[in-house]
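Colleague: I'd like to go over a predicted model; first the sequence, then the structure.
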Protein chains: 2
Amino acid sequence: MSDAALWTALADPHRRAIVALLLEGPRPVGEIAEGCGLSQPGASKHLRVLREAGLVRVRQDAQRRVHALDPAPIAALDAWLAPYRKLWNESLDALGRRLDQADRPPGPPPAPKD
Amino acid sequence: MSDAALWTALADPHRRAIVALLLEGPRPVGEIAEGCGLSQPGASKHLRVLREAGLVRVRQDAQRRVHALDPAPIAALDAWLAPYRKLWNESLDALGRRLDQADRPPGPPPAPKD
DNA sequence: CCCTTATATTCCTTGACAGGAATATAACCG
DNA sequence: CGGTTATATTCCTGTCAAGGAATATAAGGG
């Protein structure tokens, strides 16, 4: 639930692989294990972490437990990212301006760079 | 540089704090340490990780080493996030539809979306 | 040059976590 | 109920990363 849990959940490459796999659709544990080259207990444990981070939800289907992505935490990540995205766009702008200048070397220097 | 380095760098809460602080502007190590409640060596070590992940770049100013965010990895994160964002938007749509239906239980189901 | 400031690195200890093997639990089927 | 499939949990072990203390390096100032 906490922000920290989300980050630590996604810090593991196997768990990112699981998440990527689940993007294609819900899957039972067995398929996830096979699809990611994990042992069954391994998959189970990773899924637990993902579940506790809220990234995944489970639906019981007979003996199978079908796991699916929960979009909410993704939104949280997106929100976290937002302020930085601004920074990134600004820097693209700056790059654009710099390339622009490169075309016409002479002229008044805009502002001291550093 | 690798994707993994980026995730593990951001997995640590102190490092996320540093990144958040640097969002407000470049800072020398000392200020970062103080601003995040870290020891000086602690800050130095975390900054190293961030640097190796490409999240931060350094400019030398006399004895001080001024650290600033590098926007590129943020863009990488954004790219990673993109496919999931679609999922998230779809789910918002679905929620909207469901609420819609709840208003008028009977009636012909709306046309398949896509 | 010595001294001070600013930062980096090393060493060490501790705690978290991943993976494997074995076992426990749960749901279904005859 | 006994057996079978599907999944979860436990125990153990090794690895790795974080934090603290001490020290090294670098740059500047008198």
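Modeller: Everything's here; your move. Numbering: from 1, shown residues only, chains lettered A, B, ... in the order given.
Colleague: Quick check: residue A:46 vs DNA strand D, distance?
Modeller: Using Cβ to the nearest atom of the strand, to the nearest Å, residue A:46 is found at 9 Å from DNA strand D. Every C-beta, even on glycine, is put in place using the N, C-alpha and C of the backbone.
Colleague: Is chain B within reach of the worst-scoring helix or strand of chain A on mean pLDDT?
Modeller: Least confident helix or strand, chain A: helix A:71-103 with a mean of 82, by mean pLDDT, DSSP states H and E. Yes: residues of helix A:71-103 contacting chain B under Cβ under 8 Å from any Cβ of the partner chain: A:71-72, A:74-75, A:77-78, A:81, A:83-85, A:87-88, A:90-91.
Colleague: By neighbours, which of the residues you listed wins?
Modeller: residue A:74 (23 neighbours; other Cβ atoms under 10 Å in any protein chain shown).
Colleague: Could you pull up the residues touching it?
Modeller: If a contact means Cβ atoms under 8 Å, 6 or more residues apart in numbering or on different chains, then residue A:74 has A:55, B:81, B:84, B:85, B:87, B:88 as its contacts.
Colleague: Distance-wise, check the last one relative to residue A:85.
Modeller: It stands for residue B:88. Shown here: residue B:88 relative to residue A:85, a distance of 16 Å by Cβ to Cβ, to the nearest Å.
Colleague: Low-confidence ranges, chain A, go.
Modeller: A:1, A:100-114 (pLDDT under 70).
Colleague: need the residues of it near DNA strand C, please.
Modeller: Residues of chain A lying close to DNA strand C by Cβ under 7 Å from any atom of the strand are A:8, A:11-12, A:14, A:38-39, A:41-42, A:45-46, A:49, A:60, A:62-63.
Colleague: And these, which two are furthest apart?
Modeller: A:11 and A:62 (33.2 Å; Cβ to Cβ).
Colleague: So for these two, which residue has more residues nearby?
Modeller: Taking neighbours as other Cβ under 10 Å, residue A:11 and residue A:62 compare with residue A:11 leading, 17 against 7.
Colleague: Can you tell me the closest non-neighbouring residue to the more buried one?
Modeller: residue B:11 (3.7 Å; Cβ to Cβ, 6 or more residues apart in numbering or on different chains).
Colleague: Great, nothing more from me.
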